[in-house]
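Peer 1: the following block contains a protein sequence and its predicted model.
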Amino acid sequence: MQKPQKISWKDTNLALIGSDIDRKVKAAAAAGEAAWQGIGRKEGTKVWRIEQFQVKEWPEDQYGMFYRGDSYIVLNTYKQGDALKHDIHIWIGSESSQDEYGTAAYKMVEADEFLGGAPVQHRQVEGSECTKFANYFNVLEYLDGGVESGFRKVVATPEKPLFFRVTSITAKTVKMIQVPMAKSSMNNRDSFILYAGDDKVWCWHGENARPIEKAGSNTWAEKMCTKGTAVVLDQGDDEDAEFWSYIGDGQMGAPIPDEEELEEFTPTLYRVDGDPSKPLEKVSTGTTLKKGQCKACLDKQALDDSDVFLLDAGWEIFVWIGKGADISEKIAALGAADRLAEVEPRVKHLPVTIVKASAETTDFLYFFR
């Protein structure tokens, strides 16, 4: 029997209610979702992976490790005054399937309902995570494969080493992406970590690597080398024969160009029709802003409690849900960003935050008069 083709989440318009994904998820959790029992009762972060339409707890010693072929749910619980607050995220790998993406979205809403509709919901896409999400972890590590490949835990050995490119760093988090073990994966503008076991770790820096990346790479390489000391090499240090025996010969690759980012954008508010086949209706536009700016340039009176609205803020997306929305509309709300992406491809990889009437986040309210 021929295996069905795996279709990427990027090719879907997330319309779940009554869909094949909807039926499969409900069948897989007919007796209720055991994963949600006891969640949100104390501060901290919890992670689950989607496996065959089910929610499976992710081991704590692997928090921050994400397989490109998978989708995950991440719940962060924190205190605000005397009350516990929650942010719940789905994380979508670049090679995750429609089924995994859809199940993660469905289950995120289910967890939201379990917690009384109190959490703020978010969608994160590999490589484009917001700072809030990144700061839950000491490292964001993107690994090849996923649950369909049978991968459970990466254990680096001299026979099966791992090679990472350090791409960016927040104030707290190192971000690493697995790359092929080859000289062509290297370039003169980035830092790289070769992990061949707890006592065999190298950190290599291109001559034009940024100081903050070099410092973060050195620190994390030392943490990985639990049974020794990491070796630090700068471009031009060719004497370490063992390091180069793993890398091999060949030509070094060209620096990977920075992604082009918007320099300025005009916030735009859309009404989301309940029929996913209909385009979003533009309601109003605000004042042109530069990245990092927030200005009360939209009219909050435009938000109708009986509808769902999408705010395209240029560098992130907000979906606002009126008080009258039921669970079906809440699940469909996340698909509004996918519908906009059909005409605005830039939107596909942006972080998405779901906000609810009378419980809006400060970041969302900044845009409204």
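Peer 2: Arrived safely. Bear in mind the structure is a predicted one, so any value in this text is a computation, not a measurement.
Peer 1: once you drop chain neighbours, what's closest to Ile247?
Peer 2: Of all residues beyond its chain neighbours, the one nearest Ile247 is Lys183 (5.2 Å), with distances taken as Cβ to Cβ, 6 or more residues apart in numbering. Just so you know, the C-beta spots here come from the backbone N, C-alpha and C atoms, and that holds for glycine as well.
Peer 1: ends of stretch 167-183, what's the gap?
Peer 2: End-to-end span of stretch 167-183 (Cα to Cα, to the nearest Å): 17 Å.
Peer 1: show me the domain layout of the chain.
Peer 2: 9-137, 162-247, 264-365 (automatic domain parsing).
Peer 1: tell me who's in contact with Ile92.
Peer 2: Counting by Cβ atoms under 8 Å, 6 or more residues apart in numbering, Ile92 makes contact with Trp9, Ser71, Glu100, Tyr101, Ala104, Arg123, Gln124, Val125, Glu126.
Peer 1: again, only this time at 7 Å
Peer 2: Contacts for Ile92 (Cβ atoms under 7 Å, 6 or more residues apart in numbering) come out as Trp9, Ser71, Tyr101, Ala104, Arg123, Val125, Glu126.
Peer 1: give me the phi and psi angles of it.
Peer 2: Here the main-chain torsion angles of Ile92 (degrees, to the nearest 10) amount to phi -110, psi 120.
Peer 1: start the count at 46, not 1, going forward
Peer 2: In the new count, where the first residue is 46, that last one comes out as Ile137.
Peer 1: could you check the pLDDT of it?
Peer 2: What the model reports as pLDDT for Ile137 is 95.
Peer 1: and for Gln97?
Peer 2: pLDDT recorded at Gln97 is 87.
Peer 1: how about the one 5 residues further on?
Peer 2: Reading off the confidence values, Glu102 has pLDDT 95.
Peer 1: apart from its neighbours in sequence, what residue is nearest it?
Peer 2: Per Cβ to Cβ, 6+ apart, closest to Glu102 is Trp93, 5.6 Å.
Peer 1: what about that neighbour, how many residues close to it?
Peer 2: Summarising burial for Trp93: neighbours were counted as other Cβ atoms under 10 Å, giving 21.
Peer 1: show me what contacts it?
Peer 2: Ala80, Val100, Lys101, Glu102, Trp103, Tyr117, Ile118.
Peer 1: in PyMOL, select just the buried ones from the residues you listed.
Peer 2: Buried residues within the contacts of Trp93, by 16 or more other Cβ atoms under 10 Å, are selected in PyMOL with:
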select buried, resi 80+100+103+117+118
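Peer 1: so can I have JSON lines of the contacts of Trp93 showing secondary structure and distance to Ala358?
Peer 2: Below are the contacts of Trp93 laid out as JSON lines (DSSP: H, G, I helix; E, B strand; the rest coil; distance: Cβ to Cβ, whole Å):
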{"residue": "Ala80", "secondary structure": "helix", "distance to Ala358": "32"}
{"residue": "Val100", "secondary structure": "strand", "distance to Ala358": "30"}
{"residue": "Lys101", "secondary structure": "strand", "distance to Ala358": "34"}
{"residue": "Glu102", "secondary structure": "strand", "distance to Ala358": "34"}
{"residue": "Trp103", "secondary structure": "coil", "distance to Ala358": "30"}
{"residue": "Tyr117", "secondary structure": "strand", "distance to Ala358": "24"}
{"residue": "Ile118", "secondary structure": "strand", "distance to Ala358": "24"}
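Peer 1: TSV for the contacts of Trp93, including distance to Gly89?
Peer 2: Converted to TSV, these look like this (distance: Cβ to Cβ, whole Å):
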residue	distance to Gly89
Ala80	15
Val100	18
Lys101	19
Glu102	13
Trp103	14
Tyr117	16
Ile118	15
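Peer 1: how close does the residue nearest to Glu102 sit to Ile84?
Peer 2: Separation of Trp93 from Ile84 (Cβ to Cβ, to the nearest Å): 10 Å.
Peer 1: hang on, the earlier thing: of the contacts of Ile137, closest to Ala341?
Peer 2: If you rank the contacts of Ile137 by distance to Ala341 using Cβ to Cβ, Arg168 comes first, at 25.3 Å.
Peer 1: partner residues bridging the closest one?
Peer 2: Beta-bridge pairing for Arg168 (DSSP bridges): Ile135, Val397.
Peer 1: residue contacts, it?
Peer 2: Contacts for Arg168 (Cβ under 7 Å, 6+ apart) come out as Ile135, Ile137, Leu379, Pro396, Val397.
Peer 1: can you pick out the most distant pair from those residues?
Peer 2: Longest span within those, Cβ to Cβ: Leu379 and Pro396, 12.0 Å.
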